[in-house]
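Chemist: what's the 3D shape of this:
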Amino acid sequence: MEALPKSQLLRFVEQAYHLARRAVARYSSKFSKRRYTLHQHIVLLCLKVRKNTIYRTLLDELIEMPRIRSAIDLTEIPSPSTLSKAFNRLDIAVWRVLLNLSVTLLPTNGVVGIDASGFDRSHASKYYTKRTKLPIQQLKVTLLVDTRVNAIIDLHVTTTRKHDSQIAPSLIKRNTGVVAILLGDKGYDDQKLRALASEDGVRPIIKHREFSPLHKAWNFRLDADLYGQRSQNETVNSRIKRKYGAFVRSRRWWKQFRELVIACITHNIDKAL
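Modeler: Residues are numbered from 1 along each chain as shown. Predicted coordinates for the structure are as follows:
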């Protein structure tokens, strides 16, 4: 009998499993119960974000997915609490390694845009929050996006009103050698930021706020073709919210950060397929 073609979902799972095996050991310690591997936990957590669902629903659907289970050598369906505990236990450093590995799946070109977007920390309806006068605090998520393939290189998450120009330096420092050209709007207009980027071998193409004719002249001299690629950031922000949700499900700050990192990893794997 001719083999069935692989679905996008199966290919996603196989790629996520491959990255997980490169990122971490099979078990967390020699005292592990060895019922499930870290690789299986990572894949299932990525799959949960990709399907934009909850633990219980994902595991219920997994019962009817024998090819998916076979791809990650899963012989027994875990309980929702098992996956929840795995999410709590896997350190953010592991997810950052996975994010870096996911970028290598795509042919990036070093022309990177930087931009921020807001994610709700609750999924209460806007009608409810307006009626009860309950303000929803948002997470400010700043993404570094490669403009050639829309790969997410890195991210920064904060709950404060920290200015864009104060967030960018840490992202530049973490990605020296990966970013060749940095594209930013007027929110990143800061001479110290431009100097820092140049010192690290990054060419900054950042618009000036126009307080004088000189600023207008500087903006006029910007490479319009390169700067125009900055719009890819908005495309990526929109895609993540549309596919994986515009809010985070977790209630605690450190869980929310992990959830967003997993969404970025999931996005990169999807783009690689």
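Chemist: and stretch 100-117, C-alpha only, in CSV?
Modeler: The C-alpha coordinates for stretch 100-117 follow below in CSV (Å, rounded to 0.1, in the frame of the first residue of the first chain):
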residue,chain,number,x,y,z
ASN,A,100,18.1,30.0,18.6
LEU,A,101,18.0,26.5,17.0
SER,A,102,14.7,27.3,15.2
VAL,A,103,16.3,30.3,13.6
THR,A,104,18.9,28.1,11.9
LEU,A,105,16.1,26.3,10.0
LEU,A,106,15.6,29.5,7.9
PRO,A,107,17.9,31.3,5.4
THR,A,108,18.2,34.6,7.2
ASN,A,109,20.0,37.6,5.7
GLY,A,110,20.9,39.7,8.7
VAL,A,111,18.5,42.6,7.8
VAL,A,112,16.5,42.8,11.0
GLY,A,113,13.6,44.9,12.0
ILE,A,114,12.7,45.8,15.6
ASP,A,115,9.2,46.6,16.8
ALA,A,116,6.9,46.2,19.8
SER,A,117,3.3,45.0,20.2
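Chemist: any idea how far R11 lies from I265?
Modeler: For R11, the distance to I265 (Cβ to Cβ, to the nearest Å) stands at 15 Å. Backbone N, C-alpha and C define where each C-beta goes, glycine included.
Chemist: which of those two has more neighbours?
Modeler: Ranked by neighbour count (other Cβ atoms under 10 Å), R11 and I265 place I265 first, with 26 against 16.
Chemist: isn't that one up against W95?
Modeler: Yes. The criterion here is Cβ atoms under 8 Å, and I265 meets it with W95 at 6.9 Å.
Chemist: can you give me the helices for the stretch 1-150 of the chain?
Modeler: 8-23, 38-50, 55-62, 66-71, 80-89, 92-103, 126-131 (DSSP state H, counting those that start in this stretch).
Chemist: what's the angle from the second one to helix 55-62?
Modeler: Between helix 38-50 and helix 55-62, the angle formed by their directions is 100 degrees, by axes from the mean of the first three to the mean of the last three Cα atoms, to 10 degrees.
Chemist: now helix 38-50, how far from the chain's geometric center?
Modeler: With Cα atoms, centre = their mean, to the nearest Å as the basis, helix 38-50 stands 14 Å off its chain's centre.
Chemist: what's that helix packed up against?
Modeler: helix 8-23, helix 55-62, helix 80-89, helix 232-244, helix 253-272 (3 or more Cβ pairs under 8 Å, 6 or more residues apart in numbering; DSSP states H and E).
Chemist: right, and these - which one's nearest G184?
Modeler: For the helices and strands packed on helix 38-50, proximity to G184 was assessed by Cβ to Cβ; helix 232-244 is nearest, at 9.4 Å.
Chemist: helices and strands around the closest one, which ones?
Modeler: Helix 232-244 packs on helix 38-50, strand 111-120, strand 138-146, helix 253-272, going by 3+ Cβ pairs under 8 Å, 6+ apart.
Chemist: flag every buried residue along the shortest one.
Modeler: So that's strand 138-146. L139, K140, V141, T142, L143, L144, V145, D146 (16 or more other Cβ atoms under 10 Å).
Chemist: cool, and stretch 70-88?
Modeler: Buried residues in stretch 70-88 (16+ other Cβ under 10 Å): A71, I72, L74, P78, T82, L83, A86, F87.
Chemist: now stretch 255-271
Modeler: 256-271.
Chemist: farthest pair within the residues you listed?
Modeler: Taking Cβ to Cβ, no two of those sit farther apart than Q256 and K271, at 23.1 Å.
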